[in-house]
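Novice: Here is a sequence with its predicted model. Questions after.
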Amino acid sequence: MAVAPNAPLEELELLEGSNGRYYTAWQVRRRLRIGEWRRCLRQRDPGPDRRLVETDEGVLLMLTPIEPANVPRWLEVRVVGEATLAVDTRRCPSRRPAVQP
């Protein structure tokens with residue numbers, strides 16, 4: 001896993017989704033705030049702090065914390081301003097044409 005130099009690894013909270021994707025705490029908070037996801041359940045004890053959310057498509061998604069040392073090598077964490085993003089480097093960049101004026 002690669003982390004941008006200004007993102008302290010020990011302060012980074014990563015979550016593994018039941019859909020096979022990874023998210024930072026910032027991404028989860030943003031999706032909940034803008035209404036893209038809705039909270040369903042949260043389990044704090046016993047065990048890890050797991051969260052169950054519903055996506056816009058009506059799909060349930062379980063989010064479980066994961067130690068940064070245990071994430072796949074292809075995962076990259078990027079810091080853009082205040083945002084911290086988990087990026088799957090295996091995915092091809094979008095082939096959509098540039099936005100026309």
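Specialist: That came in fine, so what should we check first? Residues are numbered from 1 along each chain as shown.
Novice: what pLDDT does the closest residue to Glu67 other than its chain neighbours get?
Specialist: Leaving aside its chain neighbours, Glu67 sits nearest to Leu14 (7.9 Å; criterion: C-beta to C-beta, 6 or more residues apart in numbering). C-betas here are computed from N, CA, C, even on glycine. pLDDT for Leu14: 93.
Novice: I'd like to know the beta-bridge partner residues of Leu14.
Specialist: For Leu14, the beta-bridge partners under DSSP bridges are Thr24, Ile66.
Novice: Settle this for me: it is touching Gln27, isn't it.
Specialist: No - if you go by C-beta atoms under 8 Å, Leu14 and Gln27 don't touch, sitting 9.8 Å apart.
Novice: Neighbour count: the two, which is higher?
Specialist: Leu14 (22 against 18; other C-beta atoms under 10 Å).
Novice: what about that one, distance to Arg73?
Specialist: 14 Å (C-beta to C-beta, to the nearest Å).
Novice: surely Val28 meets Thr55?
Specialist: No - at 11.9 Å, Val28 does not count as touching Thr55 under the criterion of C-beta under 8 Å.
Novice: contacting residues for the residue nearest to Glu67?
Specialist: Tyr22, Tyr23, Thr24, Ala25, Pro65, Ile66, Glu67, Pro68, Val71, Leu75, Val77, Ala86 (C-beta atoms under 8 Å, 6 or more residues apart in numbering).
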